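Peer 1: would you be able to build a 3D model of this:
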Amino acid sequence: MREIRVLKMLKHPNIVTLLEVVKKDKRLYLVFEFVDYTVLELIQNTSNIDYQTVKSYIYQLLRALDYCHSLGVIHRDIKPENLLVSSSGVLKICDFGFARNIKSLTHLTTYVSTRWYRAPELLVGGKNYSFPSDIWACGCVFYEMLTGQPLFPGSNDVDTLFKQIKICGTLTEDQKTEFFSHSANSGIEV
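Peer 2: The predicted structure follows:
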């Protein structure tokens, strides 16, 4: 129901359109506009996405995220599979199952987003994150479209975090504190 509420609120050319909600046999079926393929399919089936196409897709993604964020909605699962592209080159964000309107929330769950696209503040267990975590994921998608390879393909949260540190540098003091408080409670050895 939360996803339906969010989708009904969001009307933007770069967000997939919810056409109808059908209730049948105690189940809800969501009917969306048809969009031809995902960015993941494009990455997997194209040896090299040209720079102008990547630039266009990232621009459209950032426009959609700006719109969502202006309404207080954080997507929390930006990844190539959740970015649809029409045959005419229009990119649309889909899958708002993790999306939340954060204007009234102070703490959010950290188990969101696909690991390779999670911002460091999510990987360390922080609950006070916001819109920049969507932008982090957007940057990861940008890199993947340019190179055909994921930027931080960690095998688990700690491995992903170490890959991020290797490329981006050390964590902030707040992130270190959060990480060590969670790793001590979960038995993770660093």
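Peer 1: what mean pLDDT would you report for the helix ranked longest in the chain?
Peer 2: Taking residue count as the measure and DSSP state H as the definition, the longest helix of the chain comes out as helix 51-70. Helix 51-70 carries an average pLDDT of 98.
Peer 1: tell me which residues are up against that helix.
Peer 2: 10, 12, 14-15, 39, 74-75, 78, 83, 85, 89-93, 99, 131, 134-135, 138, 141-142, 145-146 (Cβ atoms under 8 Å, 6 or more residues apart in numbering). Bear in mind the C-beta positions are built from the backbone N, C-alpha and C, glycine included.
Peer 1: thought P150 was touching F142?
Peer 2: No: no contact is recorded between P150 and F142 when judged using Cβ atoms under 8 Å, the distance being 11.6 Å.
Peer 1: so between these two, which is more surrounded?
Peer 2: In terms of neighbours (other Cβ atoms under 10 Å), P150 is the more surrounded of P150 and F142; the figures are 20 against 17.
Peer 1: how about the contacts made by the more buried one?
Peer 2: P150 makes contact with 116, 140, 143-144, according to Cβ under 8 Å, 6+ apart.
Peer 1: distance check, the most centrally placed residue in the chain against Y29.
Peer 2: Nearest to the centroid of the C-alpha atoms of the chain, with distances taken as Cα atoms, centre = their mean, sits I78, at 1.8 Å. Counting by Cβ to Cβ, to the nearest Å, the gap between I78 and Y29 amounts to 25 Å.
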